[in-house]
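[1] 3D model of this:
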Amino acid sequence: MKTEVEKYKKLVELKKEELTALENATPDEAEAIKQNAEEAKQEIESTDVTPAISISFKKTRNPWTYEVVDINLVPKEFLMIDESKVKEYLKANSDSLEDGKVVNGIKYYKDLKVTV
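    Numbering: from 1, shown residues only. I've put the predicted structure just below:
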């Protein structure tokens, strides 16, 4: 199966070949070339054409999204602390931390909680 564009391209190609062959042909050869070209043209034109695929959508969405390409250029207000990693560090280092100590920009302290 061919698309309409492929069919058209084949016809153009065929016409170019025909004109090139006719340039140096004798009258008898020219007649044979024209006959062959006409037969080929009819064959191409009679070829079934594949219809373009048609899909209809009832609703489409095109939401915005993002991708970080350079973390150094991202404004600080866009960044968020990974609390699970901070708590993991705190748990692993709680014996060596002092109350109120700042490590890597994070202050670790004991928070008194009273339960009744």
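
[2] from now on I want contacts and neighbour counts done on CA atoms only, so please keep to that.
    Noted.

[3] now do the helices in the chain.
    4-23, 27-46, 83-93 (DSSP state H).

[4] right, so of those helices, which gets closest to Ser56?
    In terms of C-alpha to C-alpha, the element of the helices of the chain nearest to Ser56 is helix 4-23, at 21.5 Å.

[5] which elements pack onto the closest one?
    Secondary-structure packing of helix 4-23 (3 or more C-alpha pairs under 8 Å, 6 or more residues apart in numbering; DSSP states H and E): helix 27-46.

[6] now the helix it packs on: buried residues?
    Residues of helix 27-46 classed as buried by neighbour count (16 or more other C-alpha atoms under 10 Å): 30, 33-34, 37, 41, 44.

[7] low pLDDT regions in the protein?
    1-2, 7-8, 44, 47-54 (pLDDT under 70).

[8] and it, what are its domains?
    4-46, 71-108 (automatic domain parsing).

[9] which of those sits most buried?
    Highest mean neighbour count among the domains of the chain (mean count of other C-alpha atoms under 10 Å): domain 4-46, with a mean of 14.

[10] export stretch 107-116 as CSV, just CAs?
    Extracted in CSV, the C-alpha atoms of stretch 107-116 (Å, rounded to 0.1, in the frame of the first residue of the first chain):
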residue,chain,number,x,y,z
LYS,A,107,21.1,22.9,63.5
TYR,A,108,20.6,19.8,65.6
TYR,A,109,19.0,20.2,69.0
LYS,A,110,16.9,18.3,71.6
ASP,A,111,13.3,19.2,71.6
LEU,A,112,11.7,18.6,75.0
LYS,A,113,8.3,16.8,74.6
VAL,A,114,6.0,16.2,77.5
THR,A,115,3.4,13.6,77.4
VAL,A,116,0.5,13.3,79.8
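
[11] pull the residues that contact it.
    90, 97-102 (C-alpha atoms under 8 Å, 6 or more residues apart in numbering).

[12] export the residues you listed as JSON lines, with columns for distance to Val5.
    Converted to JSON lines, the contacts of stretch 107-116 look like this (distance: C-alpha to C-alpha, whole Å):
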{"residue": "Leu90", "distance to Val5": "67"}
{"residue": "Leu97", "distance to Val5": "74"}
{"residue": "Glu98", "distance to Val5": "76"}
{"residue": "Asp99", "distance to Val5": "76"}
{"residue": "Gly100", "distance to Val5": "74"}
{"residue": "Lys101", "distance to Val5": "73"}
{"residue": "Val102", "distance to Val5": "70"}
